[in-house]
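Enquirer: Generate coordinates for the sequence data below:
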Amino acid sequence: MNRLILIIMVNLLFNCTAPPNQNTLLMSTKSKVVEVVLFEVNPGYSEEEAKKALTSLNDIVKLYYGFLERTTASNGDGKFVDIIYWSDIKSAKDAASDIIKNEKAAAAFSIIKPESTQLYHFDAFNQFEE
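Expert: Got it, this is the predicted structure:
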């Protein structure tokens, strides 16, 4: 009996582990859609105020079906890019349509200069990480 348990444990150890440098979680959740939003901040807001408001959107965005990951960056001159990774285009478009109705999101969006906003959805065809 002990020998059988040992054989099963050894089998699990060698057959259920990923090879070195292989991120199995990343592999199973690779995005199919990349959402890119380019925008500027309204005059009168500091970079820190903008970062705080934009970061507050994380708690809202993460609740949408299909959401995988979000990165927001600035160039230090009032211009920002928001990159959101989605599992599929329907999830991305549904979230984009719905989030503008969210009161908490609206407060964060108030810092954004509306006419500067550019929204794009791209189909991912290459994702590389080393």
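Enquirer: can you tell me how far residue 85 sits from residue 76?
Expert: 24 Å (CB to CB, to the nearest Å). Where you see a C-beta, it was placed from the backbone N, CA and C, and this is true even at glycine.
Enquirer: Please apply the same query to residue 45.
Expert: Distance, residue 45 to residue 76, using CB to CB: 14 Å.
Enquirer: quick one: which of those two has more around it?
Expert: The residue with more neighbours, out of residue 45 and residue 76 and counting by other CB atoms under 10 Å, is residue 45; that gives 17 against 7.
Enquirer: Pull the number of nearby residues for the closest residue to the more buried one other than its chain neighbours.
Expert: Take residue 45 and drop its neighbours on the chain: the residue closest to it by CB to CB, 6 or more residues apart in numbering is residue 111, 5.0 Å away. Neighbour count of residue 111, defined by other CB under 10 Å: 20.
Enquirer: Same question for residue 71.
Expert: Counted with other CB under 10 Å, the burial measure for residue 71 works out to 9 neighbours.
Enquirer: Quick check on it: phi, psi?
Expert: phi -130, psi 130 (degrees, to the nearest 10).
Enquirer: go on, residue 91?
Expert: Note on residue 91: backbone dihedrals following degrees, to the nearest 10 are phi -60, psi -40.
Enquirer: next one: residue 39
Expert: Backbone dihedrals for residue 39, given as degrees, to the nearest 10, come out at phi -160, psi 170.
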